[in-house]
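Asks: The following block contains a protein sequence and its predicted model.
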Amino acid sequence: MILTIYIIILIYFLLGAIGFHIINRRRERKEAVSNRVKYITYFFIINIIFFSIVYYPLMFSYIGMMIIIAGMIETFSLFRRSGYSRKGFFSLFIIIFLTLCGGFYFFTTLEKGLVLFTFLVVSIFDAFSQISGQLLGRKKLFPSVSPGKTFEGLAGGIIVALGSSLLLRRLIDVSPVKTLLLASGIVIFAFIGDMGTSLYKRRHNVKDFSNLLPGHGGFMDRFDSIIAGGAFVAFLQFFLL
């Protein structure tokens, strides 16, 4: 089953590569190069996390802790660079972020089938939201918060993620209806996490948290969705027990 899932992931990456090739033909050379770097970096990130979940779950817990620490450093660094402005907003953001991080770390310790399902749904949603948005995007979603987000991109990401969740449902062994409900909750929280960090950046007048990840806007930009999506699954597990 794991081999089949990995083949599905590789097919998605191939489709993503085709999508980015079409997108890059419309872009200036500098932006096209940045997109390629981002794609390659994302490929390695997905593979590292995928194999850590499947074969070394404890390593994924370590990776999760590293993501949390890096996110905290970037968050505080941005607050410091802003001259410690908007203290009330920063305090509220930190409370929410720490709550989600606690849930996310608990998530890294859950049964690996559920962890892998969540990670893949979030990753597929993220990737295809961006691809469909850049290919088809016309109507801006929240331009004052995240200028690149479009209704078409969000719809594309949701459709592919929910459809993919049915292909991945053997990981969690539940009915198709429950699979779609779980995937819907994951996607909603992933989107909220993404928008939350975008709002934080806009309030501090920056585009990226850092340049620690080539082609990405930092650890927070790359992992905000999985932190929130993973926290949702953890809270769901906790309250259902």
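Replies: Happy to help now that I have it. Residues are numbered from 1 along each chain as shown.
Asks: what residue ranges in this protein score low on pLDDT?
Replies: Applying pLDDT under 70 to the chain flags the ranges 214-216, 241.
Asks: Relative to Gly102, how far out is Ser77?
Replies: 21 Å (CB to CB, to the nearest Å). Every C-beta, even on glycine, is put in place using the N, C-alpha and C of the backbone.
Asks: in the chain, which spans are helices?
Replies: 2-24, 29-55, 57-81, 87-107, 112-136, 151-167, 176-203, 219-240 (DSSP state H).
Asks: in its sheet, what does the longest strand along the chain sit against?
Replies: Of all the segments of type strand in the chain, defined by DSSP state E, the longest one is strand 146-150. Strand pairing for strand 146-150, using DSSP bridges, gives strand 140-142 (antiparallel).
Asks: And the partner strand, how far out from the chain middle?
Replies: The chain centre lies 18 Å from the centre of strand 140-142; the measure is CA atoms, centre = their mean, to the nearest Å.
Asks: Kindly report the same for stretch 25-44.
Replies: 18 Å.
Asks: can you check stretch 22-29 too?
Replies: That offset, for stretch 22-29, works out to 24 Å (CA atoms, centre = their mean).
Asks: And the contacts of that stretch?
Replies: Residues outside stretch 22-29 that contact it (CB atoms under 8 Å, 6 or more residues apart in numbering): Glu31, Ala32, Asn35, Arg36, Ile131, Gln134, Leu135.
Asks: again, 7 Å this time
Replies: Residues from elsewhere that reach stretch 22-29 (CB atoms under 7 Å, 6 or more residues apart in numbering): Ala32, Asn35, Gln134, Leu135.
Asks: Which one (most neighbours) among those residues?
Replies: Gln134 (21 neighbours; other CB atoms under 10 Å).
Asks: And the spatially closest residue to that one that is not a sequence neighbour, how far from Ser129?
Replies: Nearest residue to Gln134 in three dimensions, chain neighbours excluded: Ile23, at 4.7 Å (CB to CB, 6 or more residues apart in numbering). Per CB to CB, Ile23 is found 13 Å from Ser129.
Asks: Pull the contacting residues for Ile5.
Replies: Leu168.
Asks: wait, what's in contact with Leu15?
Replies: Here Leu15 is in contact with no residues (criterion: CB under 7 Å, 6+ apart).
Asks: how near is it to Ile9?
Replies: Taken as CB to CB, the span from Leu15 to Ile9 is 11 Å.
Asks: likewise Ala127?
Replies: 10 Å.
Asks: When those two are compared, which one has more neighbours?
Replies: A direct count of neighbours by other CB under 10 Å for Ala127 and Ile9 places Ala127 higher, at 22 against 18.
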